[in-house]
Structures are given as structure tokens and as C-alpha cells.
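Asks: here is a sequence together with a model predicted from it:
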Amino acid sequence: MSTTTLAYRAAILHSLADPAVVGVEQSYEYFEDGLLVIDGGQIVQVGNAADLLPTLKGVDITEYRDALITPGFIDTHTHYPQTGMIASYGEQLLDWLNTYTFPTEQQFADKAHAANVAGIFLKELLRNGTTTALVFGSVHKQSVNAFFEAAEALNLRMIAGKVLMDRNAPDYLTDTPESGYADSKELIERWHGKGRLHYAVTPRFAPTSSPEQLALAGKLFQEYPDLYMHTHLSENRQEIEWVKALFPERKGYLDVYDHYQLIGARAVFAHGVHLCDAECQRLAATGSAVAFCPTSNLFLGSGLFDLNKLEEHGVRVGLGTDVGAGTSFSQLQSLNEAYKVMQLQGKKLDPFKSLYLATLGGANALYLDDKLGNFLPGKDADFVVLDYTATPLISYRMQQATTLAEKLFALTMLGDDRAIKETFAAGVSVHRRD
Ligand code: GUN
Ligand code: ZN
């Protein structure tokens, strides 16, 4: 073992595969008294402490009591410029955008403001155990520079992009097809593949981009390897009608993106609440992903996401907070609301499926499952320490629990930032609650 080898001892749980594919029992691995061994920011091995300890002479071991170590959470859709307008009252999507979102995003023309909010946002992610996110910037390229500078300083694996938006938005917040393309290209050249950072071509949604801009966004998405595409899709019924009116020649909402080559591996569509079977089929066939954003869908009254339908079609699905339409940075709270979204449709959300959605499922949606999502050797050492005694109620509830499934479920229902004792990114502690 090298001198930089470190080990963490606690109960350890990670996903191995999607429970919808392999069944719940085969989907995870659990070590009641486990050991996570890391070196150089990567996972070396995970297993039972009793088996591994004799092989680790002289290695520094950190022990946690009443704690559960899991992979860091992955947020597959969020907006950092909307941090300050989270919990804005009374509107559904289109009025919410005009009333709150656009005026808030205007402030990101100022780099110093952007840097300040990027710092607040990243701190909040880490406080909530989220180590990777797919993030909207604002239309201003300096907003994305500010975000990547802050993420780079913490050595986080982050994906972000400048919003493309050249119509149906206030003048102060629009670019042009040419300037949006050129600014995005400049950001890609500077940041994509630098350290653990990745770039996402980010048309806001079909209504705010002209056909010319969507065509250039599609060209850009095809131009560089491993680039992401990040947008919104079928979130709200009024929005869907608007897309039909704006693009009458297309078969439907997804077909607009499809036509402009904004679909395929690493294309991530937020929401997808009102998708038809043909759209689900097309998403699956192209390897595209959908971000399920339960707190946002409930807050904006957008509708109930049909997880089982997307599962049946084999679509990659991750979990998103969608802050600031989402009401929490906590993926535990996203899972709490996801459970209720399923209940309202007469369906269940198994706690191990929840774990998968927040970790390996997100990694799979982002094509980062070779680097993130569980504790297989060689992956990034991004992990969280969850506290079974975070609050008096959680502590008492855990005492009643007799199975791991029960504990995990109660943690997703009752937990939030208070349940995150410590967060590690690339093997380094980046948040400590106490
Ligand atoms: N659709 C277009 N822009 C947005 C946004 O900022 N938030 C959400 N939830 N949906 C959108
Ligand atoms: Zn969004």
C-alpha cells in the first residue's frame, strides 16, 4: 500500500445495477462493518473490514459510528443562477420564467455576482452530499467561467454550459445564433476535459431558440467528442402546445430536438413528464437520458413523471433537483418527493431503486458510470457519510428499523442536509457538518 492510501470504516452501501433490470437483491452490495480503501483520489477496494484490515498495515483509518457510506449523489439537472430565487411563489412554468427566472438570470452578466453565487451553489451541493451535477449557467459566458473556476478549485466532477436563447425572452437575456455558437465554442475550448470538468451545449428549451440557433447547437454538439447536450423537454402542457405552434412541421416536441441533431448519447432532457410511447422509444434507441425532477414537477404543478413507463422503454433516467423550480438541493428530499409522485400513480419506489437513481443511475444517464456511481476499483473517490443520528426523530426511527431497506427508506424520507455528516470529492473532504 502506498503512503497516500486511506481507509474509511462504517456501514457501506452501493448500487451494482438497476433494480428494474436485475431485481432488487442483485442490485446492490452492503457491508455492515465495511471498509472503503482509496488512493490518489480513486477507489482501491471496498469490502468487509474483517477481510481487508489485515491487508492494510500502516494505513490511516477513519471510523464512523452510526453512519452509512454511499457514493456521492449525482444531480442530473439543476440551474446555479436560480439559487437565489428558489421558492418563488404562485406560478406555473411559463409565468414563473417571465416573473422570476429571467430577471434573476439578468444579474449574471456581472462576473463578480456569478462567482459569488457559484460559490454558494457549490457549497450547498456539497452540504447535501451531491458531488456531481449537470448545471445550467445563464446566457452570459462569464457565468460559466465563474462556475467552472469555482468547481475546478474544489476538484469536482461537474458538467455545465452557457444557455442558448435567441427569442421569446427579454432582450437583455438573448444571444444570437452566431454569438451563442462562438461563446459556447470558446468555453468548450477552455473547459471541456480540463481536470474533471465537462461542457454541455445548453439550448434553454425549444421555444426560446430559433431554428437557426438549434441548427448551430446541433452542429456544435456533433463537433467535439464526449460533449453533453442539456435542455428541457415536455415539462408543462402549455409549453408543449407552444412548441407545436412554433414548430408545426415537426411530429412533436422531441422531434424538434431530433431534427436539429440534439439527441443521442450524452443528451440529457429535463422533465419528460408528458412523453408519448414513440418519444420514449426514440429516447431509448438514441441512448438519450431524462432527468426526473420530482420537487420541481410538484412545485410548478407540471405533472406526475411516469418512471415505470420510461423503465419499460429502457430509457436512461437520472434524478434532478432542478433548483430553483425544485425546492431542495437535497437528493434525499428529491427521493422523498419521487416516492410520493409514484404513490399518486398507484406505484411504488423501492428504496434500492432510489439509491440507484441518486447514484449509479445518474452516472449511467451521464455516461460517467466508468468513473462514478459506485465503489468499483478505479472509480473517483466521491462519497458521502450519512448520519443515522442526524436528528432526534431520524435517530429514534432508526432504532425501530429492522432491515437495511427500512433504514434506507426512512433516511430518504426524513433526511436532508442534516443527514450529511461529511462529503468527499476525489478522496478529499469537501464538507464536514460538525
Ligand atoms: N424550461 C425552460 N427554462 C426552464 C427553467 O429555467 N426551469 C424549468 N424548470 N423549466 C424550464
Ligand atoms: Zn430546469
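Replies: All right, it came through fine. Keep in mind the model is a prediction, meaning the values are calculated, not measured. Ligands and ions are numbered 1, 2, ... in the order given.

Asks: residues of the stretch 1-150 of the chain that sit close to ligand 1?
Replies: Proximity of the stretch 1-150 of the chain to ligand 1, by CB under 6 Å from any ligand atom, involves residues His79, Leu93, Leu97, Thr101. Where C-beta positions appear, they are placed from N, C-alpha and C, glycine not excepted.

Asks: out of those, which sit inside helices?
Replies: Within those, residues falling in helices by DSSP state H are Leu93.

Asks: between the residues of the stretch 1-150 of the chain next to ligand 1, which is closest to ligand 2?
Replies: His79 (5.5 Å; CB to the ion).

Asks: distance check, that closest one against Met85.
Replies: 9 Å (CB to CB, to the nearest Å).

Asks: who's more crowded, those two?
Replies: His79 (26 against 18; other CB atoms under 10 Å).

Asks: OK, contacts around the residue nearest to that one when sequence neighbours are not counted?
Replies: Among residues not flanking His79 along the chain, Phe136 sits closest, at 4.1 Å (CB to CB, 6 or more residues apart in numbering). Neighbouring residues of Phe136 by CB atoms under 8 Å, 6 or more residues apart in numbering: Thr78, His79, Tyr80, Pro81, Gln82, Ala160, Gly161, Val163, Thr202, Arg204, His230.

Asks: dump the residues you listed to CSV, plus pLDDT and distance to Ser179.
Replies: As requested, the contacts of Phe136 are exported to CSV (pLDDT from 0 to 100; distance: CB to CB, whole Å):
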residue, pLDDT, distance to Ser179
Thr78, 99, 25
His79, 99, 21
Tyr80, 99, 21
Pro81, 99, 19
Gln82, 98, 23
Ala160, 99, 18
Gly161, 99, 15
Val163, 99, 12
Thr202, 99, 14
Arg204, 99, 15
His230, 99, 19
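
Asks: now distance to Leu122 and secondary structure too, for those, in JSON lines please.
Replies: Formatted as JSON lines, the contacts of Phe136 follow (distance: CB to CB, whole Å; DSSP: H, G, I helix; E, B strand; the rest coil):
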{"residue": "Thr78", "distance to Leu122": "11", "secondary structure": "strand"}
{"residue": "His79", "distance to Leu122": "13", "secondary structure": "strand"}
{"residue": "Tyr80", "distance to Leu122": "8", "secondary structure": "helix"}
{"residue": "Pro81", "distance to Leu122": "13", "secondary structure": "helix"}
{"residue": "Gln82", "distance to Leu122": "14", "secondary structure": "helix"}
{"residue": "Ala160", "distance to Leu122": "11", "secondary structure": "strand"}
{"residue": "Gly161", "distance to Leu122": "16", "secondary structure": "strand"}
{"residue": "Val163", "distance to Leu122": "19", "secondary structure": "strand"}
{"residue": "Thr202", "distance to Leu122": "18", "secondary structure": "strand"}
{"residue": "Arg204", "distance to Leu122": "22", "secondary structure": "coil"}
{"residue": "His230", "distance to Leu122": "18", "secondary structure": "strand"}
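
Asks: among those, which one sits closest to His14?
Replies: Comparing those against His14 with CB to CB places Thr78 closest, at 23.0 Å.

Asks: show me what contacts the closest one?
Replies: Thr78 is in contact with Ala133, Leu134, Val135, Phe136, Gly320, Thr321, Asp322, Val323, Gly326, counting by CB under 8 Å, 6+ apart.

Asks: against ligand 1, how distant is the closest residue in space to Lys379 that isn't next to it in sequence?
Replies: Leaving aside its chain neighbours, Lys379 sits nearest to Ile43 (4.9 Å; criterion: CB to CB, 6+ apart). To ligand 1, Ile43 is 34 Å away according to CB to the nearest ligand atom, to the nearest Å.
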